[in-house]
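Undergrad: here's a sequence, model it:
(chains A and B)
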Amino acid sequence: MEERERVLKNQKKTEQEEHEQEKDIEPKQQELWSWGAGTEGQLGTGNLKDELTPQLLINLSNSLSSFAPISVLSCGGAHVIALTSGGKVLSWGRGSSGQLGHDQIMPNCSFPKLVASLSSFNISHVSAGWNHSGFVSDSGCLFTCGDGSFGQLGHGDFKSYSSPIEVSFFNSKHVEQVACGMRHSLVLSKGNSGDKVMYGFGSGKRGQLGISEDKIKLVSVPVVCSGFENAEVVDILANGDQSAALSADGRLYTWGRGFSSSSSNVCIPQSIPSAFSFEQAALGWNHALVLTSEGEVFMLGGSHHGVLSEPQKMTRHNNSSDEPSLSKVCGLVGKKVVHIAAGAEHSAIVTENGQVYTWGWGEHGQLGLDSTSDHTAPQLVLPEDRSLISRVYCGSGFTFALKTHT
Amino acid sequence: MSYDDVEIEDMEWNDELQSYTYPCPCGDLFQITKDDLRLGEEIARCPSCSLYITVVYNLEDFAANKTNSNFQPPKQQPISVA
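TA: The predicted model follows:
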């Protein structure tokens, strides 16, 4: 154990030395908080244990200050990918399938470590799935690594890779975004005439690839998604066996396992009927959140959201309709919400005052409320803070809050 | 109450755990052994939390001494080190 710690320390030191040169980018003051399931090191605390209350990652911030500030996080099944404003990538958490992209396989990594093989690229978008990862460079290249058993890496095989490999299918295309789910991936690319094209690959058993009305078991090379002929997609999401896209005119499209009570698969992207225009969306395994332009939050599905430990409280929708129900999230009256996130079975939001609220499943402390209880309504976890801009990110059973000085 | 019903063909065989596994929303894995399946057990539990799933399978596929079952769940792939 001591030997291992020493090795890890040395690795860390080398990385810090390597990145002294990045210090010319003015470091902004940041706070990074994490809580919830932590047995794979995904909280970045240096420990392999759950945390029931928000932990301020001081050591993490210090080691990160040499990498320039974090611009965005993506949290997966049990790993985290951080993108710095300098286009560098760090990862930590579970690494048993190669999803950290650190070249060698480690069961887990409890501190942020540079994805060295991407250092020569300026990375602009990242996504952490259940056990795989996707990285997009500003030059439009897509790299994937981790579990490839279902073809979700897009390399035309079913192998797993421990370092990010460029997906050759997109060699002549310009990739803008990637979204990694449990066993599938979505990619948004820009064509020569500026038109957006979406692709899916990996497991398609629940319709989550959106590529065909026929039953598709799995595909290992990207296939174009259907149903977006008249929509300009600006954001793509994947989690569990769910997929979603947000269009420029504020409509939400969903496909995959679906949110209706009949739980029938949706194989072709469907627009959710609503009078509202949506600015953000977040996907869980059985629920989705949307944020309207007025700062209101609605939930799609989620009949057992916040009652997983007490299934007798589960709301049964007796209507036989296949239409998924969109319901306003209660308990946020008078609050303008600016950012939303969804874990597998929990949710987190940030208000314009910088308050962070959580609700849903809480067994691993992922709500950060110093308990393992579930909650059906949003609970305050981090207080008002007007001096920092807050963002929230949820992994399967854990949560991060990133606060950046304005 | 069972979190989900999962077909055995959607579970993955994990050599290390000697179990069929399926992702749990807590980040760990629901697990069930071949012995459990042979005994007709249909609940796969997560070692880290209170959730469990119902495994949908044909008991005959796991009957003792039967070596060639007619389904092939995906196995964990070896990881290529570049």
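
Undergrad: might you list the low-confidence residue ranges for the stretch 51-200 of chain A?
TA: Applying pLDDT under 70 to the predicted model, the residue ranges of the stretch 51-200 of chain A that meet it are A:58-67.

Undergrad: residues in it within reach of chain B, list them.
TA: Contact residues, the stretch 51-200 of chain A versus chain B (Cβ under 8 Å from any Cβ of the partner chain): A:77-78, A:94, A:97-98, A:103-105, A:117, A:130, A:147-150, A:158-163, A:165, A:182. Quick note: C-beta positions are derived from backbone N, CA and C, even for glycine.

Undergrad: can you flag the buried ones in those?
TA: Among those, the ones that count as buried by 16 or more other Cβ atoms under 10 Å in any protein chain shown are A:77-78, A:94, A:97-98, A:103, A:117, A:130, A:147-150, A:158-163, A:165, A:182.

Undergrad: find the centremost residue of chain B, please.
TA: Closest to where the C-alpha atoms of chain B average out (Cα atoms, centre = their mean) is residue B:20, at 2.5 Å.

Undergrad: that residue is in contact with residue B:7, isn't it?
TA: No. The pair formed by residue B:20 and residue B:7 falls short of the contact definition of Cβ atoms under 8 Å, at 10.8 Å.

Undergrad: between those two, which contacts overlap?
TA: Here residue B:20 and residue B:7 have residue B:55 as joint contacts, going by Cβ atoms under 8 Å, 6 or more residues apart in numbering or on different chains.

Undergrad: how about the residue nearest to the centre of chain B, nearest residue that isn't a chain neighbour?
TA: Distances taken as Cβ to Cβ, 6 or more residues apart in numbering or on different chains put residue B:11 closest to residue B:20, at 4.1 Å, once the chain neighbours are dropped.

Undergrad: that neighbour: how many residues sit nearby?
TA: Neighbourhood size, residue B:11 [other Cβ atoms under 10 Å in any protein chain shown]: 24.

Undergrad: also residue B:14?
TA: Under the neighbour criterion other Cβ under 10 Å, residue B:14 is assigned a count of 14.

Undergrad: separation between it and residue B:44?
TA: For residue B:14, the distance to residue B:44 equals 12 Å [Cβ to Cβ, to the nearest Å].

Undergrad: find residues that contact each of these two.
TA: B:20-21, B:31.

Undergrad: so where's chain B uncertain?
TA: Counting by pLDDT under 70, the low-confidence segments of chain B come to B:64-78, B:81-82.

Undergrad: could you rerun that using 50?
TA: Confidence mapping of chain B against pLDDT under 50 gives the ranges B:69.

Undergrad: how about the strands in it?
TA: Counting by DSSP state E, one finds strands in chain B at the ranges B:5-7, B:12-14, B:19-23, B:29-32, B:43-45, B:52-56, B:79-80.

Undergrad: nearest to residue A:399, out of the ones you listed?
TA: Checking the strands of chain B against residue A:399 by Cβ to Cβ gives strand B:19-23 as the closest, at 18.2 Å.

Undergrad: what's the closest one in contact with?
TA: So strand B:19-23 is contacted by A:77, A:130, A:182, A:396, B:6, B:8, B:10-14, B:29-34, B:37, B:44, B:53, B:55, B:73 (Cβ under 8 Å, 6+ apart).

Undergrad: hmm, back to that, residue A:215: which of the shared contacts of residue B:14 and residue B:44 is nearest?
TA: Minimum distance to residue A:215 across these is 22.4 Å, recorded for residue B:20 (Cβ to Cβ).

Undergrad: what bridges to the closest one?
TA: Judged by DSSP bridges, the bridge partners of residue B:20 are residue B:13, residue B:32.

Undergrad: OK, contacts around the closest residue to chain B within the stretch 1-150 of chain A?
TA: Residue of the stretch 1-150 of chain A nearest chain B, by Cβ to the nearest Cβ: residue A:78 (4.1 Å). Neighbouring residues of residue A:78 by Cβ under 8 Å, 6+ apart: A:37, A:39-40, A:42, A:93-94, A:108, A:395-398, B:27-28.

Undergrad: format these as JSON lines; extra columns: secondary structure and distance to residue A:204.
TA: Shown next, in JSON lines, are these (DSSP: H, G, I helix; E, B strand; the rest coil; distance: Cβ to Cβ, whole Å):
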{"residue": "A:37", "secondary structure": "coil", "distance to residue A:204": "28"}
{"residue": "A:39", "secondary structure": "coil", "distance to residue A:204": "31"}
{"residue": "A:40", "secondary structure": "coil", "distance to residue A:204": "28"}
{"residue": "A:42", "secondary structure": "coil", "distance to residue A:204": "28"}
{"residue": "A:93", "secondary structure": "strand", "distance to residue A:204": "27"}
{"residue": "A:94", "secondary structure": "strand", "distance to residue A:204": "25"}
{"residue": "A:108", "secondary structure": "strand", "distance to residue A:204": "30"}
{"residue": "A:395", "secondary structure": "coil", "distance to residue A:204": "24"}
{"residue": "A:396", "secondary structure": "coil", "distance to residue A:204": "21"}
{"residue": "A:397", "secondary structure": "coil", "distance to residue A:204": "26"}
{"residue": "A:398", "secondary structure": "strand", "distance to residue A:204": "28"}
{"residue": "B:27", "secondary structure": "coil", "distance to residue A:204": "24"}
{"residue": "B:28", "secondary structure": "coil", "distance to residue A:204": "25"}
